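Undergrad: I'll drop the sequence and a predicted model, then ask my questions.
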Amino acid sequence: MSNRRRFSIIDAIDDRNLFAPWFKNRTTWAAWFVFLRALFGLPLSASELPLYQECTGRTEPPTAAATEGWLICGRRSGKSFCLALCAVYLAAFHQYQQYLAPGERGTVMVIAADRKQSRVVLRFIRALLLQVPMLRKMVERETAESFDLNNSVTIEVATASYRTTRGYSIVAALLDELAFFRSDDSSANPDTEIIAAIKPAMSTIPNAMLLCASSPYAQRGALFDAFKRHFGQDGDPVLIWRSPTRTMNPTVAQLVIDTAMESDPASAAAEYFAQFRTDVETYISRDVVEAAAIQGRHELPRIEHVRYFGFVDPSGGSSDSMTLAITHMQGSTCIVDLIRERRAPFSPDNVVKEFSDTLKSYGITRIVGDRYGAEWPRERFKVYDIEYRVADKTKSDLYLHLLPLLNSNRIELLDHPRLINQLTGLERRTSRAGRDTIDHVPGGHDDVANAAAGAAVLAAQALAHPEPPIVAPYVAWGRPWNWPGSATDTSAGAGIANTPPPKGYDRPSSAEPWFPYVDKW
Ligand SMILES: Nc1ncnc2c1ncn2[C@@H]1O[C@H](COP(=O)(O)OP(=O)(O)OP(=O)(O)O)[C@@H](O)[C@H]1O
Ligand SMILES: [Mg+2]
């Protein structure tokens with residue numbers, strides 16, 4: 001039995017001793033009240049119905065609380081605040097003890113895309129809890145990321161890298177900006193995986209609520225799947241609410257939106273009008289990248305007489321990683337031999353020295369690198385006798401050139417999860433000018449992929465336009481008579497085998513200038 005109807009979230013918002021101080025100008029919050037009524041299955045007035053129908057695509061008003069709510073709303077629309085409000089309401093005004101073992105705590109889990117966003121939600125939650133005397137009394141313990149309430153409920157704020165839901169009883173899960181959950185360590189789908197991990201932890205709590213909020217992004221991932229499956233479905237316990245920014249929060253200036261539309265309409269349509277982007281596609285499928293990675297191959301040692309290529313993606317050491325990749329060609333196949341990544345913070349000088357030592361151990365004295373930071377990589381590598389040339393191709397161009405190698409099976413990658421995840425995390429955007437750009441998703445990284453693509457393209461290009469090889473003279477059709485090393489030469493240093501030349505096939509043309517000097521045919 002839920003007691004949500006007894007003291008509703010709207011009652012809590014109306015109460016001057018509870019949340020009313022946060023809603024001073026109630027007219028600007030009108031759309032949020034309609035959403036909250038729909039989410040918790042509260043009656044809607046006739047004047048509220050059209051907005052509900054517009055934002056849910058449904059015709060019938062809700063008759064019960066939703067088990068899942070998905071808010072697809074524009075930037076600055078109030079998503080994070082709404083999640084915080086729901087988290088506090090669900091934690092403080094619901095009893096879950098009947099579903100918990102003695103001594104067990106129920107968790108209201110709030111998961112944000114990154115630390116910065118989790119701090120935003122945490123600040124809203126802290127204010128809602130501690131600035132309301134009645135709720136402040138309920139807080140037994142506060143840590144940097146959680147609040148224990150005296151009703152056996154803990155509100156915990158985590159980031160999307162958070163994986164351990166095992167052992168928890170989750171009474172509500174609230175996910176903020178899940179279209180931007182990123183992970184380049186272990187998984188390409190942190191949004192669906194986190195939800196899949198949370199659901200079993202909610203399974204013992206009847207009416208446990210999952211509430212996800214995000215501005216939309218590409219047409220993929222958990223948010224888009226939920227939208228496709230549940231938008232506009234009357235009677236569906238999964239409620240999808242999609243709305244432009246200014247519908248939810250009219251305090252956002254129209255000028256801000258107009259300016260964004262002018263500078264990048266594709267992005268602004270997603271950010272302020274809650275449209276999933278149609279101009280972003282994945283760069284390459286995971287299957288292709290995984291097929292190119294040789295399982296169990298983490299690094300290859302140097303082979304004598306092989307020409308190696310090195311590419312560096314430099315970084316100043318404060319935020320991004322600095323990466324190095326080494327490749328060579330084996331026939332027409334590019335082999336990735338080595339990948340090094342030094343994650344920030346680091347001392348650029350130490351990393352340049354370390355990379356230089358590695359490069360020299362593969363016989364490399366000239367490298368190509370990203371044009372980051374103008375002169376400094378060139379100067380620092382020079383100290384260690386490595387010539388650093390700035391790439392003549394942009395990062396996008398490198399990825400475009402890498403594509404045929406991957407698609408036609410002409411590259412062997414290492415068994416390197418970050419490389420695989422970063423390559424599969426890349427996306428291709430078509431711009432108005434018709435030029436495609438390939439880059440990491442917002443909030444993602446591609447330093448490892450960048451270095452590998454650079455080194456692979458270098459090697460493949462060297463095959464297409466080889467430098468004149470410095471090799472020993474070689475006479476194709478026979479051996480010069482009385483040449484050093486011939487059967488007649490017995491002088492010191494004569495090193496060539498003295499077997500006679502093969503006879504009887506492919507005779508040389510007598511027009512060849514060297515014809516008179518070779519054995520008689
Ligand atoms: N309907 C509204 N009326 C007045 N103020 C609002 C309304 N909705 C949100 N706000 C205020 O707008 C600010 C942004 O809210 P919030 O951070 O929750 O938005 P968001 O959608 O999460 O934004 P972002 O896209 O940047 O993450 C907050 O100060 C919030 O109180
Ligand atoms: Mg937010």
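TA: Great, that's in hand. Ligands and ions are numbered 1, 2, ... in the order given.
Undergrad: Point out where the stretch 101-250 of the chain drops to low pLDDT.
TA: 162-166, 183-188 (pLDDT under 70).
Undergrad: Flag every residue of it that's near ligand 1.
TA: Residues of the stretch 101-250 of the chain found near ligand 1 (Cβ under 6 Å from any ligand atom) are Val120, Ser215, Met248, Asn249. Where C-beta positions appear, they are placed from N, C-alpha and C, glycine not excepted.
Undergrad: What is the end-to-end distance of stretch 182-194?
TA: 11 Å (Cα to Cα, to the nearest Å).
Undergrad: residue in the chain nearest to ligand 1?
TA: Nearest to ligand 1, among the residues of the chain, is Gly78, at 2.7 Å (Cβ to the nearest ligand atom).
Undergrad: Specify the residue ranges that define each domain of this protein.
TA: According to automatic domain parsing, the chain is divided into the following domains: 9-273, 286-464, 477-521.
Undergrad: The stretch 251-400 of the chain against ligand 1: which residues are in contact?
TA: Near ligand 1, when you scan the stretch 251-400 of the chain using Cβ under 6 Å from any ligand atom, you find Thr251.
Undergrad: How are the helices of the stretch 251-400 of the chain distributed by residue range?
TA: 254-263, 265-273, 286-292, 348-361, 376-383, 395-407 (DSSP state H, counting those that start in this stretch).
Undergrad: got it, and the stretch 51-200 of the chain?
TA: 79-92, 115-130, 133-136, 190-202.
Undergrad: Can you tell me which of those helices is packed in deepest?
TA: Most buried of those, by mean neighbour count (mean count of other Cβ atoms under 10 Å): helix 79-92, with a mean of 24.
Undergrad: mind listing what the closest residue to Gly57 other than its chain neighbours touches?
TA: Spatial nearest neighbour of Gly57, excluding adjacent residues (Cβ to Cβ, 6 or more residues apart in numbering): Gly232 at 2.9 Å. Applying Cβ atoms under 8 Å, 6 or more residues apart in numbering to Gly232 gives the contacts Thr56, Gly57, Arg58, Ile240.
Undergrad: ok, 7 Å please
TA: Thr56, Gly57, Arg58 (Cβ atoms under 7 Å, 6 or more residues apart in numbering).
Undergrad: Quick check: end-to-end length of stretch 337-347?
TA: First residue to last in stretch 337-347 (Cα to Cα) measures 25 Å.
Undergrad: quick one: that stretch to chain centroid distance?
TA: Centroid separation for stretch 337-347 versus its chain: 18 Å, with Cα atoms, centre = their mean, to the nearest Å.
Undergrad: cool, and stretch 158-176?
TA: With Cα atoms, centre = their mean, you get 20 Å for stretch 158-176.
Undergrad: in that stretch, what counts as buried?
TA: Using 16 or more other Cβ atoms under 10 Å as the test for burial, stretch 158-176 gives 158-162, 165, 168-176.
Undergrad: Then stretch 27-35?
TA: Trp29, Ala30, Ala31, Trp32, Phe33, Val34, Phe35.
Undergrad: now do stretch 35-44
TA: Phe35, Leu36, Arg37, Ala38, Leu39, Phe40, Gly41, Leu42, Leu44.
Undergrad: try stretch 285-295
TA: Val289, Ala292, Ala293.
Undergrad: Other residues contacting it?
TA: Contacts for stretch 285-295 (Cβ under 7 Å, 6+ apart): Ala188, Leu406, Asn407, Ile411, Glu412, Leu413, Leu414, Asp415, Ile420, Leu423, Thr424.
Undergrad: Tell me how far stretch 231-246 lies from the chain's centre.
TA: For stretch 231-246, the distance to the chain centre is 27 Å (Cα atoms, centre = their mean).
Undergrad: Next, the distance between the ends of it.
TA: With Cα to Cα applied, stretch 231-246 spans 20 Å between its terminal residues.
Undergrad: One more: stretch 176-196?
TA: 16 Å.
Undergrad: Off-centre distance for that stretch?
TA: 9 Å.
Undergrad: residue contacts, the closest residue to Arg58 other than its chain neighbours?
TA: Leaving aside its sequence neighbours, Arg58 sits nearest to Asp234 (Cβ to Cβ, 6+ apart; 4.9 Å). By Cβ under 7 Å, 6+ apart, the contact list for Asp234 reads Arg58, Thr59, Glu60.
Undergrad: what about burial for those, which qualify?
TA: Arg58.
Undergrad: So which of the contacts of Asp234 belong to strands?
TA: Assignment to strands by DSSP state E places none of those there.
Undergrad: nearest to Glu68, of the contacts of Asp234?
TA: Closest to Glu68 out of the contacts of Asp234 is Arg58 (14.6 Å), distances taken as Cβ to Cβ.
Undergrad: quick one: contacts for the closest one?
TA: Counting by Cβ under 7 Å, 6+ apart, Arg58 touches Gly232, Gln233, Asp234.
Undergrad: go again using 10 Å as the cut-off
TA: Ala38, Tyr52, His230, Phe231, Gly232, Gln233, Asp234, Gly235, Asp236, Leu239, Ile240 (Cβ atoms under 10 Å, 6 or more residues apart in numbering).
Undergrad: Helix, strand, or coil at the most centrally placed residue in the chain?
TA: Nearest to the mean C-alpha position of the chain, counting by Cα atoms, centre = their mean, stands Gly444 at 3.8 Å. Here Gly444 is coil, with the state taken from DSSP: H, G, I helix; E, B strand; the rest coil.
Undergrad: isn't it right next to Leu423, touching?
TA: No - counting by Cβ atoms under 10 Å, Gly444 stays clear of Leu423, with 11.3 Å between them.
Undergrad: Which helix in this structure has the most residues?
TA: Under DSSP state H, the helix in the chain containing the largest number of residues is helix 447-464.
Undergrad: Over that one, what's the mean pLDDT, rounded is fine.
TA: Averaged across helix 447-464, pLDDT comes to 94.
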